[in-house]
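Novice: please find the sequence and the predicted model below.
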Amino acid sequence: MGSALSTGRKRKDPPKDNGTRKEGSKDEGPPSQKQRRMSAEADTEQQQQQQKEQQDDYVYDSNNPLVSLPPDALISVLCRVPSTDHGAVWKTCKKVREAIDSDGYCSERVASGWAEVSTRLVSKEELWQQDFGREPEHDPMYEDYDAEESRKEKEKTLRTYYSDLGQYDETYGYQDIETEIRVDGRVAGKVKLALFPRPELGYGQFHEATDAHSAELQEVGWALCDNRGRPKVRSIKEADTDGSAKHGGFLHVVSVRVHTAYRPSDTTDVVAKALRMALSDPKLNGEWTLATAMSDPNVYMNKEDKRLQQAIDDYPRLSREEVSPEERKTFIKRLKQCSNLDARTFLRVGYKQIPEMVGPGREPCWLFALPRFFAGANVLTMSEAEAIVLYECPELPASPKGADNELLAAVMKACNDRRGILDTVEMQERQLSEAERQLAENERIVAEMVQGYEELLEELRVQEESLSDAMRLREENPSAFPQELFDRCESAAERTRAGTDAQQARVEQMQREVQSTRENFNAQRALVRQTQTDERKSMDEKDEKLKKEVKDLIKDKGASIRSSHALHCASRLRISSYVHWLLDLVPPDEKTDAINDLDANGSTPLQCAVMGLPNLSHADEYHRLIQELLSLGADKNVINPATGVTALGQYRTSVASKDEYSNFLRGIVSRAILEARGDTEEAWRPIHERMEETLMPDRGETDKDRDAKVPVSANNGSDDDSDVGDY
């Protein structure tokens with residue numbers, strides 16, 4: 001009805017109000033979390049009571065022995081009936097129909113192993129119906145419906161936005177595929193896939209395509225592949241022995257959803273079988289060469305898990321008593337359990353874990369598969385999957401709590417403020433330098449104009465002298481100097497005189513403009529200098545307050561510089577002065593340990609300092625901070641237990657991220673603009689060489705450090721199919 005009103009169209013038979021709401025009744029709004037919980041508990045108790053009554057009412061009838069069985073016994077008997085006979089059995093009587101239609105029957109079929117799982121690729125016509133079938137121009141219920149126009153529009157839309165596999169993105173060519181899961185012929189869930197093209201040759205747009213699809217694909221695309229979709233992590237490259245995974249289709253499992261009735265336990269086979277069937281669909285044969293997935297806890301969450309999740313998600317709108325700390329802890333534990341269950345489902349299907357993606361802040365398990373992983377292999381049992389060891393992030397230091405967190409928050413705010421001011425000062429200096437350069441260029445142009453004016457004056461003087469000589473000769477001998485020649489000389493002199501006057505006017509105008517620009521520049525420079533002086537004074541005052549606040553937190557609340565990870569924060573934001581005075585607050589015998597402490601991500605202050613590359617103009621400051629940290633006792637040999645890299649590997653990771661982003665920009669911004677900014681490979685090369693030499697561990701680079709190194713072929717933007725890394 002709302003659609004008809006909004007479009008100005010009228011439905012032929014609009015639905016009527018059921019009249020259940022009394023006139024003038026007040027809308028009480030949605031029930032609270034507590035009310036929903038009480039209602040769910042009441043429903044559960046009611047169901048249990050009904051089942052008990054049904055059990056108590058059981059009376060054996062020799063004439064109808066099957067029908068007189070209790071519901072659970074009847075389900076146990078019927079669950080062995082093949083799904084092809086369900087239709088005939090369903091027609092026998094009401095009690096049998098109720099048993100077959102119940103969730104308990106579905107669960108029993110799955111649990112006993114009699115359930116028959118199948119999948120079906122949803123056609124493009126069905127997808128079109130889901131997307132557009134209810135719109136007014138395609139709805140026969142509307143009076144303005146035109147069958148012929150609807151048919152033409154449907155055909156056009158199907159040609160443009162759909163393929164034989166599913167929805168089609170005409171900009172980047174990726175396809176969203178939907179597969180229907182059926183258990184015993186009934187719809188039990190869906191598998192959603194995304195398929196991306198990866199051309200063998202030519203400039204890649206893989207990252208642009210994954211960015212356009214979703215946040216999850218953006219993360220997966222950038223972390224696992226370069227901009228042409230070629231894998232860049234060691235585990236995938238080692239598995240891809242023939243190099244076929246470098247191009248061809250890239251398939252990602254977006255989501256898997258199965259109705260809870262078909263998941264009677266965490267060891268159900270339905271999810272694994274359905275996923276394997278969906279990936280092995282004949283229409284997908286040869287369409288992909290590399291598949292990826294991220295474990296999703298939602299696949300195995302039950303109703304109670306989702307209730308608790310909703311309670312936690314609604315927490316800001318509820319009182320503190322609604323979600324207890326114990327419930328939160330229970331939910332987090334269950335969330336991890338469900339995520340691991342889904343990861344093992346992928347292992348059962350044939351996927352392998354990507355160990356490089358294990359680390360702090362990455363709870364989902366990342367997995368990949370190649371087509372040959374599925375060749376002639378059956379789905380593993382849950383016990384076989386549980387025998388496969390999943391890589392997990394090692395235990396790392398805890399995040400700061402209490403007074404330590406207060407200290408970190410104070411230092412972080414001060415670091416961000418100071419970095420903001422320093423960056424502003426640097427930008428102002430850069431702008432002043434550019435303005436002074438432009439002013440010098442204008443003054444050079446004025447000097448050239450003055451020189452041109454003087455040359456014109458000299459030319460005019462010569463012409464006037466020639467004209468004076470011509471007049472004298474003509475007076476002496478008119479026939480020797482014709483009037484026509486004299487007129488031409490006079491015209492030339494007039495033109496030169498006019499040009500000289502015009503040039504003089506331009507020079508004077510330009511001189512006035514340059515003088516005005518110079519005055520404005522001097523005034524602006526003086527203002528900037530005064531502002532910078534005031535800012536530095538303000539920073540010094542804030543620093544003194546910060547030092548007092550930090551000392552008070554240490555003295556009065558027992559905060560610790562080491563436990564707060566404040567040194568990591570100051571290093572990450574490149575505030576070297578803070579590193580020095582924070583380290584001065586550490587006991588002398590702990591200074592070396594403090595400068596090498598691990599934070600909650602497993603990084604040392606030195607490793608934090610090389611996270612992210614600064615602007616090219618900050619390169620010297622960047623290198624000076626690294627040298628200062630090393631002089632303070634920072635150990636460049638320390639390995640991050642979560643990522644396996646030293647400070648060198650972390651620096652290379654930052655370089656790789658910058659290079660990938662630069663290559664991405666080259667697809668949007670012209671190379672000339674980037675070069676005009678000075679942000680070129682040639683400008684960065686000596687900086688990288690200097691940093692590599694400074695950060696090289698005493699015992700040499702680790703394997704993970706080597707994996708993080710960006711090869712030349714990955715940066716040069718060439719269209720060849722040269723190997724990425726040590727492929």
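Specialist: Cool, got the structure. Residues are numbered from 1 along each chain as shown.

Novice: going by C-alpha atoms from here, please, whenever you check contacts or count neighbours.
Specialist: Will do.

Novice: where in the stretch 101-250 of the chain is pLDDT low?
Specialist: For the stretch 101-250 of the chain, the stretches with pLDDT under 70 are 201-203.

Novice: let's go with 90 and repeat that
Specialist: 101-116, 131-151, 184-186, 199-205, 226-228 (pLDDT under 90).

Novice: kindly report the same for the stretch 451-600 of the chain.
Specialist: Using pLDDT under 90, the stretch 451-600 of the chain drops low at 451-525, 527-529, 531-540.

Novice: helices along the stretch 101-250 of the chain, start to end?
Specialist: Per DSSP state H, counting those that start in this stretch, the stretch 101-250 of the chain carries helices over the ranges 103-112, 124-132, 147-161, 206-213, 215-224, 234-239.

Novice: those: which one's closest to L613?
Specialist: Closest to L613 of these, according to C-alpha to C-alpha: helix 215-224, at 17.4 Å.

Novice: longest strand of this protein?
Specialist: Assignment by DSSP state E gives strand 186-196 as the longest strand of the chain.

Novice: tell me the angle of it relative to helix 215-224?
Specialist: Put simply, strand 186-196 runs at 50 degrees to helix 215-224, going by axes from the mean of the first three to the mean of the last three C-alpha atoms, to 10 degrees.

Novice: D707 is in contact with K237, isn't it?
Specialist: No - counting by C-alpha atoms under 8 Å, D707 stays clear of K237, with 10.9 Å between them.

Novice: off-centre distance for stretch 533-548?
Specialist: 37 Å (C-alpha atoms, centre = their mean, to the nearest Å).

Novice: tell me the buried residues in that stretch?
Specialist: Buried residues in stretch 533-548, counted by 16 or more other C-alpha atoms under 10 Å: E535, M539, D543, L546, K547.

Novice: ditto for stretch 186-197
Specialist: A188, G189, K190, V191, K192, L193, A194, L195, F196, P197.

Novice: CA atoms only for it, dumped as CSV, please.
Specialist: C-alpha atoms of stretch 186-197 as CSV (Å, rounded to 0.1, in the frame of the first residue of the first chain):
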residue,chain,number,x,y,z
ARG,A,186,13.5,-28.4,1.5
VAL,A,187,15.2,-25.1,1.4
ALA,A,188,17.6,-25.1,4.4
GLY,A,189,19.9,-22.1,3.7
LYS,A,190,22.1,-20.3,1.2
VAL,A,191,25.8,-20.0,0.2
LYS,A,192,26.8,-16.6,-1.3
LEU,A,193,30.0,-16.4,-3.4
ALA,A,194,31.8,-13.6,-5.2
LEU,A,195,33.8,-14.3,-8.4
PHE,A,196,36.4,-11.7,-9.6
PRO,A,197,38.2,-11.8,-13.0
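
Novice: what's the closest non-adjacent residue to K591?
Specialist: L583 (6.6 Å; C-alpha to C-alpha, 6 or more residues apart in numbering).

Novice: residues contacting that neighbour?
Specialist: L583 is in contact with I561, L567, K591, A594, I595, counting by C-alpha atoms under 8 Å, 6 or more residues apart in numbering.

Novice: in space, what's closest to the last one - neighbours in sequence excluded?
Specialist: Right, the one you point to is I595. A634 (5.6 Å).

Novice: how far away is the one you found from A594?
Specialist: 9 Å (C-alpha to C-alpha, to the nearest Å).

Novice: try M357
Specialist: In terms of C-alpha to C-alpha, M357 sits 28 Å off from A594.

Novice: could you do A502 as well?
Specialist: Distance from A502 to A594, counting by C-alpha to C-alpha: 73 Å.

Novice: where does M301 land on pLDDT?
Specialist: On the pLDDT scale, M301 is placed at 90.

Novice: what's the spacing between it and Q309?
Specialist: 10 Å.

Novice: what of E155?
Specialist: 43 Å.

Novice: out of the two, which sits in the busier spot?
Specialist: Q309 (19 against 12; other C-alpha atoms under 10 Å).

Novice: show me what contacts that one?
Specialist: F331.

Novice: what residues of the helix or strand hosting it count as buried?
Specialist: Assigned by DSSP states H and E, Q309 belongs to helix 303-313. Buried residues in helix 303-313, defined by neighbour count with 16+ other C-alpha under 10 Å: D305, R307, L308, Q309, A311, I312.

Novice: past it, which element shows up next along the chain?
Specialist: helix 325-349.

Novice: following the chain onward from that next one, which element is next?
Specialist: strand 352-353.

Novice: what's the helix or strand just after that next one in contact with?
Specialist: Once the chain leaves strand 352-353, the next helix or strand it forms, by DSSP H and E, is strand 366-369. Identification of contacts with strand 366-369 by C-alpha under 8 Å, 6+ apart yields 236, 290-295, 343, 346, 350-355, 357-358.

Novice: adjacent strands (with direction) for strand 366-369?
Specialist: Neighbouring strands of strand 366-369 in its sheet, by DSSP bridges, are strand 290-294 (antiparallel), strand 352-353 (antiparallel).

Novice: the last one - what's its average pLDDT?
Specialist: It refers to strand 352-353. pLDDT averaged over strand 352-353 gives 96.

Novice: equivalent analysis for the first one, please.
Specialist: Mean pLDDT, strand 290-294: 97.
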